[in-house]
Every structure is written in structure tokens, then in C-alpha cells.
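[1] Predicted structure and sequence below. I'll ask about it afterward.
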Amino acid sequence: MNLTKTIILCALLLFSTYAMGQDVVINGADRTEEYLPLLKGKRVALVINHTSLMKDEKTSLLDTLLNRQVNIKKVFAPEHGFRGDADAGEVVKNGKDVKTGVPIVSLYGNTKKPTPEHLKDVDIVVFDIQDVGARFYTYISTMFYVMEACAQQGKEVVVLDRPNPNDLVDGPMLKPTFKSFVGLLPIPLLHGCTVGELAKMINGEGWINKTQDACQLTVVPCVGWQHGQPYSLPVKPSPNLPNDQSIRLYPSLCPFEGTNISVGRGTKFPFQVIGAPAKKYGSFSFTPIALPGFDKNPLHKDTPCYGLDLRQVDDVQGIDLRYLLSFYNASGENSAFFNRPRFFDLLMGTDAVRKAIIAGKSEEEIREMWQDDLNVYKPMRQKYLIYE
């Protein structure tokens with residue numbers, strides 16, 4: 001065999017191995033033999049959205065369980081709603097699923113935690129939502145409140161696990177005074193856990209109300225995935241994370257939402273571009289518009305923005321501060337650059353990053369600020385890992 005044919009064969013083999021690796025991941029939801037016995041004869045509530053799909057059937061977990069004669073009493077809907085089409089921050093309303101008639105109870109609006117009334121006709125709650133590994137992605141806040149409510153009401157919780165596409169540990173730890181729905185748990189911005197591992201951590205570290213017993217928890221692991229293994233999501237997890245690149249950049253770009261800089265909401269490439277209505281930020285231009293399925297009222301709507309196109313960058317690893325620092329320096333606005341300083345601090349989980357940027361600290365100096373906390377967190381995290 002000549003050298004050219006050998007190279008081609010090796011390339012095909014590597015590609016097929018990668019493709020097979022993605023194909024053989026079996027999410028917790030698909031391991032029905034592990035959790036259907038737990039649901040038999042019980043009144044069940046689901047915490048699900050549009051990502052809660054069965055791999056083989058390409059149907060919602062709700063439809064699959066109803067077809068298996070499981071007694072589904074209601075669906076709890078997180079941010080973006082049961083169908084995943086509500087804008088970020090948009091109130092999700094109660095209602096009924098048009099297809100099945102099952103009641104939908106919003107956990108994103110005035111009520112973010114199931115009430116005793118919500119749980120009185122429920123024995124067990126199943127959580128199955130795809131996360132992206134960032135502390136401010138609110139699905140894990142919803143999971144925490146569901147676990148806390150179930151612990152208080154003596155209800156069981158089953159978490160059907162899925163891989164983490166941002167499987168890294170990086171960024172500042174949440175400080176108690178910056179606790180909010182975009183950061184409820186004392187974990188780094190990139191926590192390096194699946195939702196199942198986080199659920200175990202919540203129980204094991206006693207983060208549920210100290211006066212209550214731990215949540216009665218069962219985690220159904222996924223199979224065929226390990227930490228460090230890439231994972232491409234089969235469906236976008238929320239309206240403005242449409243592809244792998246947006247998910248990869250999301251932890252680094254989301255803090256811009258505490259500033260006047262657009263992250264591309266109102267375009268077909270959100271969280272892949274950054275800019276504002278001033279040419280000092282860069283030569284690339286884009287114009288946010290009302291865009292169904294993405295964002296109906298984006299920042300700088302109908303106004304040309306100038307900045308950077310990040311759709312092809314391939315060197316983002318963890319929390320990348322260079323974009324934030326470069327735009328801050330280009331703005332010339334000093335502290336006024338952070339026009340929503342409290343929200344920026346809530347996203348970061350601390351005010352130390354904003355203050356360090358204003359003080360002129362370098363990226364290396366800022367990153368050094370959170371290393372001691374990460375050195376404490378990492379061995380604690382190790383206790384709850386399911387996938388080595």
C-alpha cells in the first residue's frame with residue numbers, strides 16, 4: 001500500500017471512530033430499564049423541555065412515558081419553556097401541552113420552585129434537561145429548587161443524565177452575596193459536572209436547606225461518555241445557542257450581557273459575534289433584528305454593530321477573558337463600560353473580576369485570583385464524579 005492510500009485509510013478510520021464514539025453515547029433517558037421500575041404505580045411529574053428527547057424514537061420523554069402507561073400528572077417547564085422557544089428572561093406561562101393535554105407548570109416566572117400544592121398529587125419527579133456546563137445557565141438552578149422542594153415534601157427525584165459539552169473546571173467561584181437564579185450553587189463558572197453529578201454534589205455537600213433531610217435521589221447515568229470526551233448536542237439547548245461554536249464561546253461571552261456590547265442576539269449566529277454601534281470595536285458588522293426562534297427584542301435592535309466575528313476561532317478554552325478586556329479597553333469608558341454592574345457581578349458570581357478589570361489587571365492576574373478556590377473545589381468535585 002502506498003503512502004497516500006495509507007494516510008487516507010488512517011483518516012477514514014479516525015473519522016469513523018469519532019463518529020461511532022458520538023453514536024454510542026446512550027443518555028440516561030434512553031436507559032428506560034433503569035428507571036421505569038421506579039415509576040411503576042406512582043404519580044409522576046417531569047422537569048423537561050425540548051432537549052428531553054429519546055435517541056431511538058426521536059420523541060419527547062413525555063410521549064415515550066405516556067406510551068408506556070406511566071401516570072404523568074404534570075410537566076414543570078424551565079426557562080425558555082417546555083418547547084424551548086421563549087426568549088431569555090421571558091416569563092414562561094402555565095398551560096397545557098397541546099399534543100397530550102398534560103398540564104404545564106412554569107418554573108420560570110413568579111414561581112421558580114415547586115410549591116407544596118404543585119407536589120401534593122406527585123410521588124416522584126423526573127429531571128431530564130440538557131445542560132451546557134456553565135453556572136449561569138439556569139437549568140441547574142431549576143434542578144436545585146426542584147430537589148429542595150422534593151426534600152421538603154418527601155418526594156423522590158430521578159435525574160436522567162446527559163454529557164456536559166463544556167466539560168472544564170474554570171472561572172471564579174460564586175460568593176454568597178452574589179447568589180441569584182443565574183448562580184445558586186457555590187461552584188465555579190465552569191463546574192465540570194453533568195447534571196447528575198451536580199445533583200449528587202447538592203445532596204452530598206448539604207446545600208439543600210440544612211433543616212431538611214437530603215433529597216431522595218436516583219441518578220441514571222449516561223453510557224459511552226467520559227470526562228474530556230467531546231460531545232456535540234443533537235438539538236440546540238436554548239434559542240440562542242444554535243451550534244457547538246456558540247456553546248463553546250458562551251461561558252466567555254455571556255458576561256458581556258452586563259455591558260452595552262451585543263453578543264449577537266437577533267442574528268443567526270448569537271454568541272459567536274460581539275459588537276456595539278461604534279466602529280472603534282472592529283471592522284466586522286452585523287445588525288440585530290427581531291428574529292423568531294432566536295430573540296424578538298435584542299440589544300441594539302435594527303442598529304448596525306461593529307466588532308468581531310468569532311465563528312471560526314478555534315482556540316477558546318475555558319473562560320477566555322481576552323475579548324472582555326479588549327472591548328473594555330477599546331471603549332474608553334472605564335467603569336461606565338459595565339452599564340449593568342450588578343448583573344455582570346451576578347453572572348461572574350463575584351464583583352472581584354469587574355473591579356480587577358477597572359484596575360487594569362491583566363488576564364493572567366485575573367485568572368490567578370480564582371486558582372486557590374479551584375484548588376479547593378476540584379478534590380471536592382472528585383467525590384461526585386460518575387464518569388472518570
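    Received it, and whenever you're ready, just let me know what you need. Numbering: from 1, shown residues only.

[2] just checking, Cys215 touches Met201?
    No - counting by C-beta atoms under 8 Å, Cys215 does not reach Met201; the two are 11.7 Å apart. C-betas here are computed from N, CA, C, even on glycine.

[3] more crowded one of these two?
    Cys215 (24 against 20; other C-beta atoms under 10 Å).

[4] List the residues that contact the more buried one.
    Contact analysis of Cys215 by C-beta atoms under 8 Å, 6 or more residues apart in numbering lists 147-148, 150-151, 157, 199, 202-203, 208.

[5] ok, now Ile124?
    With contact set as C-beta under 8 Å, 6+ apart, Ile124 has these partners: 38-39, 42-45, 155-158.

[6] now that we have those, which one has the most neighbours?
    Highest neighbour count within the contacts of Ile124: Ala45, with 27 neighbours (other C-beta under 10 Å).

[7] Surely it and Lys74 touch.
    Yes - in this structure, Ala45 is within contact of Lys74 by C-beta under 8 Å, at 5.1 Å.

[8] any common contacting residues for the two?
    118, 122.

[9] and Asn334, how many residues sit next to it?
    By the measure other C-beta under 10 Å, the count of residues near Asn334 is 10.

[10] Now do the contacts for it.
    Ile358 are the contacts of Asn334 under C-beta under 8 Å, 6+ apart.

[11] Same question for Pro103.
    By C-beta under 8 Å, 6+ apart, the neighbours of Pro103 are 73-75, 94-97.

[12] Which of these sits closest to Lys296?
    Nearest to Lys296, judged by C-beta to C-beta, of those is Gly95 at 19.0 Å.

[13] Pop out the phi and psi values for that closest one.
    Backbone geometry at Gly95, expressed as degrees, to the nearest 10, gives phi 170, psi -150.

[14] Identify the residue nearest it in space, chain neighbours excluded?
    Among residues not flanking Gly95 along the chain, Ile104 sits closest, at 4.9 Å (C-beta to C-beta, 6 or more residues apart in numbering).

[15] Tell me how many other residues crowd the one you found.
    Ile104 has 19 nearby residues by other C-beta under 10 Å.

[16] Now name the helix or strand holding it.
    Secondary structure assignment for Ile104, by DSSP states H and E: strand 103-106.

[17] got it, and Asp63?
    Here Asp63 is assigned to helix 61-67, by DSSP H and E.

[18] what packs against that helix?
    Applying 3 or more C-beta pairs under 8 Å, 6 or more residues apart in numbering; DSSP states H and E, we find helix 61-67 packed against strand 43-48, strand 71-77.

[19] ok, residues contacting that helix?
    29, 32, 39, 44, 46, 48, 52-54, 57, 72, 75, 97, 99-100, 102, 126, 128, 160.

[20] For PyMOL, write the selection for the buried entries among those residues.
    Selection of buried members from the contacts of helix 61-67 for PyMOL, criterion 16 or more other C-beta atoms under 10 Å:
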select buried, resi 29+32+39+44+46+48+52+53+54+72+75+97+102+126+128+160
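
[21] quick one: secondary structure of Ile274?
    strand (DSSP: H, G, I helix; E, B strand; the rest coil).

[22] Surely it touches Tyr328?
    No - applying C-beta under 8 Å, one finds Ile274 not in contact with Tyr328, separated by 11.9 Å.

[23] Mind checking which of those two has more residues around it?
    Ile274 (28 against 21).

[24] What pLDDT is listed against the more buried one?
    In this model, Ile274 is scored at 98, pLDDT.

[25] Kindly report the same for the one 3 residues further on.
    Among the per-residue scores, Pro277 shows a pLDDT of 98.

[26] list the contacts for it?
    For Pro277, the contacting residues are 300, 303-306, by C-beta under 8 Å, 6+ apart.
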